[in-house]
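Trainee: got a predicted model here, sequence first, then my questions.
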Amino acid sequence: MVAIPASFAGAAPFACHPDASRGRLFAEPDHAERTAFQRDRDRVLHSTAFRRLQYKTQVFIYHEGDHYRTRLTHSLEVAQIARSTARALGLNEDLAEALALAHDLGHTPFGHAGEDALAPLMAPYGGFSHNDQTLRILTQLERRYAAFDGLNLTWETLEGVVKHNGPVRAPSATLAAYNARHDLELDSFASAEAQLAALADDIAYNNHDIDDGLRARLFTVDDLLAVPLVGPVFQAVRQAHPDLEPGRLTHEAVRRLINLMVSDLLEETRRRIAAHRPASAQAVRRLPQPLVAFSESMQANDRALKRFLFERMYRHYRVNRMTSKARRVVQELFALLHAEPQTLPTEWQRLAGAPASPATARVVADYIAGMTDRFALDEHRRLFDLHERT
């Protein structure tokens, strides 16, 4: 039996305990020094898909600037928030961290623009979503181990990846097929650790998109002053430090905003814990509402910030132009490779079927979804530029 880490010694009764894990699809012996959830985290960190996040878009394509977030830096920031808040609540830090690190593995190149391009193209062939693709990566596409495809993660980690936004009432074809083989109890909530990782994601991207949006000059601090919660925080920093340079003003305000959101999450979650008194991780799954949550007022603040970022950043004309180009790259790559699978690299050709077939569509989608921004642009040049070497 693996010794429980000191950080888990005072764990809440409703936390996921590694010794009580439902195990892996393919049975493996316990490790003498690491718990099952620590091994899950380490497998995600060592995966090819995780390394690729370094050159995958968060909002800005990688070449637009060295300091903008990528999927990799975003995932690390989510993991930090998830681990710290898990410790404060007595949850399993390793599981929360594993889920935070894995949550974006299925994203395409160019962020949501790539997914927006692939989804309609794949609609006749079972569909495409980055959440489904994350599951495919974790259970099929990572080919590192001799005995099985995928990373063979624990039931709790796979459940958390699939259900991080709540119960799945209408599973996709991809998820339904996997669930028939390995029941993830899709109609229940996920563990408290998974719920926490999902909110850590919200906290990280909302606040760091403020930083990136200001850095890109898509909006100004003055534009933010009317946004609930955000405006008062920036105003308070300005009043306390009237001569602070813009960069430090932004970082100080974002730091305070993250602290306010984390503090609210902890307070509201503790209130729900006191109200529901769940005695086990399974009791958390059976609750009628999430156990880990923001207060109603913070949920309203979160929605207001999302609306601002959607209007002023994600739909800014400069971002629209970039995403338009990115969509065309993905669309043209898919059309060519689906019609002419013989142009795929040899190892992918072996997996494909006949030209324009459903089997080939899925292989092409997997191939494109795994690309980094840089590789997708290079591959597009190789396939469409007559003067480019192949």
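Mentor: Great, that's in hand.

Trainee: any buried residues in the helix or strand T85 falls within, and which?
Mentor: In this structure, T85 sits in helix 71-89 according to DSSP states H and E. Residues 71-75, 77-79, 81-83, 85-89 are the ones in helix 71-89 that count as buried (16 or more other C-beta atoms under 10 Å). C-beta coordinates here come from the backbone N, C-alpha and C atoms, glycine included.

Trainee: same check, this time on stretch 332-352
Mentor: Buried residues in stretch 332-352, counted by 16+ other C-beta under 10 Å: 333-334, 336-338, 341, 344, 348, 352.

Trainee: can you give me the end-to-end distance of it?
Mentor: End-to-end distance of stretch 332-352 (C-alpha to C-alpha, to the nearest Å): 18 Å.

Trainee: quick one: mean pLDDT for that stretch?
Mentor: Per-residue pLDDT values over stretch 332-352 give a mean of 96.

Trainee: can you check stretch 158-170 too?
Mentor: 94.

Trainee: ends of that stretch, how far apart?
Mentor: 17 Å.

Trainee: in the helix or strand where V364 lies, which residues are buried?
Mentor: Here V364 sits within helix 358-369, counting by DSSP H and E. Buried residues in helix 358-369, counted by 16+ other C-beta under 10 Å: 360-369.

Trainee: now tabulate those in JSON lines and tack on pLDDT and distance to S295.
Mentor: Output for the buried residues of helix 358-369, formatted as JSON lines (pLDDT from 0 to 100; distance: C-beta to C-beta, whole Å):
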{"residue": "T360", "pLDDT": "97", "distance to S295": "49"}
{"residue": "A361", "pLDDT": "97", "distance to S295": "45"}
{"residue": "R362", "pLDDT": "97", "distance to S295": "43"}
{"residue": "V363", "pLDDT": "97", "distance to S295": "46"}
{"residue": "V364", "pLDDT": "98", "distance to S295": "45"}
{"residue": "A365", "pLDDT": "97", "distance to S295": "40"}
{"residue": "D366", "pLDDT": "97", "distance to S295": "41"}
{"residue": "Y367", "pLDDT": "98", "distance to S295": "44"}
{"residue": "I368", "pLDDT": "98", "distance to S295": "41"}
{"residue": "A369", "pLDDT": "97", "distance to S295": "36"}
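
Trainee: let me have those residues in JSON lines, adding distance to T174 as columns.
Mentor: Output for the buried residues of helix 358-369, formatted as JSON lines (distance: C-beta to C-beta, whole Å):
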{"residue": "T360", "distance to T174": "17"}
{"residue": "A361", "distance to T174": "13"}
{"residue": "R362", "distance to T174": "9"}
{"residue": "V363", "distance to T174": "14"}
{"residue": "V364", "distance to T174": "15"}
{"residue": "A365", "distance to T174": "11"}
{"residue": "D366", "distance to T174": "11"}
{"residue": "Y367", "distance to T174": "16"}
{"residue": "I368", "distance to T174": "16"}
{"residue": "A369", "distance to T174": "12"}
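
Trainee: show me which of those residues is closest to N207.
Mentor: A369 (27.3 Å; C-beta to C-beta).
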